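Colleague: Show me how the following folds:
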Amino acid sequence: MVSFVARTGRHLQRYNRGRRLVVGCIPYRHKTGNNGGTDDELEVLVISSKKSRAMMFPKGGWELDESVEEAACRESLEEAGVVGTVESQLGTWIFKSNSRELYHEGLMFPLLVTEQLDLWPEKGARLREWMTVARAREVCKQLWMNEALDILVNRLKLEEKDVLAI
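Modeller: Next comes the predicted model:
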């Protein structure tokens, strides 16, 4: 049996101009249809906060011993129990911490989910739920995360148009 343990502490955290660097992912998949194939409906995975049960996308500190993509994968695994392909960055946002008078710099990436685990490091501390984009916009109250979600949806629509044009 493999044991997963979430990283803790801030001694390896990266900072930029005094702001802690935070990396997050929007885990997504195309909903499975009744016939076993996929349909066009996009689903995203949201998780609850450990402190308040507010819903959000997985995110956490970018540490000195990892690439930004590795940090994105690690956070998705630790907090949401999903593995997948990290795609190109959606953007960078400056946002205020909910718990302190600090500002963070957040980098967000899409994560095309290839595997959902039954056991993961923070399973006992968080809820996870697949939902439509519209529902995710309602439950996620962090504006910067909703902006990242909008960018992802627009990007996927453009990619779909390009495929259909071929």
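Colleague: rest of the way, CA atoms for contacts and neighbours
Modeller: Will do.
Colleague: how close does the residue nearest the centre of the chain get to residue 58?
Modeller: Centroid-nearest residue in the chain: residue 25, 2.3 Å away (criterion: Cα atoms, centre = their mean). Counting by Cα to Cα, to the nearest Å, the gap from residue 25 to residue 58 is 6 Å.
Colleague: what is in contact with the two at once?
Modeller: The contact sets of residue 25 and residue 58 overlap at 75-76 (Cα atoms under 8 Å, 6 or more residues apart in numbering).
Colleague: how about the lowest-mean-pLDDT helix or strand in the chain: buried residues?
Modeller: For the chain, counting by mean pLDDT, DSSP states H and E, strand 38-48 ranks last in confidence among helices and strands (a mean of 84). Neighbour counts over strand 38-48 (16 or more other Cα atoms under 10 Å) mark 42-48 as buried.
Colleague: Got the confidence number for residue 102?
Modeller: Looking at residue 102, its pLDDT stands at 87.
Colleague: likewise residue 36?
Modeller: Note on residue 36: pLDDT of 52.
Colleague: repeat for residue 4
Modeller: Looking at residue 4, its pLDDT is 59.
Colleague: contacting residues for the residue nearest to the centre of the chain?
Modeller: In this structure, residue 25 makes contact with 57-59, 72-73, 75-76, 108-111, judged by Cα under 8 Å, 6+ apart.
Colleague: hey, what's the nearest residue to residue 16 once chain neighbours are set aside bridged with?
Modeller: The shortest distance from residue 16 to any residue that is not its chain neighbour, by Cα to Cα, 6 or more residues apart in numbering, is 7.7 Å, and that residue is residue 105. In this structure, residue 105 bridges to residue 21, residue 94 when assessed by DSSP bridges.
Colleague: again with the one 10 residues further on
Modeller: The partner list for residue 115 in beta bridges (DSSP bridges) reads residue 83.
Colleague: Are any of the contacts of residue 25 buried, and if so which?
Modeller: If you count burial by 16+ other Cα under 10 Å, the buried members of the contacts of residue 25 come out as 57-59, 72-73, 75-76, 108-111.
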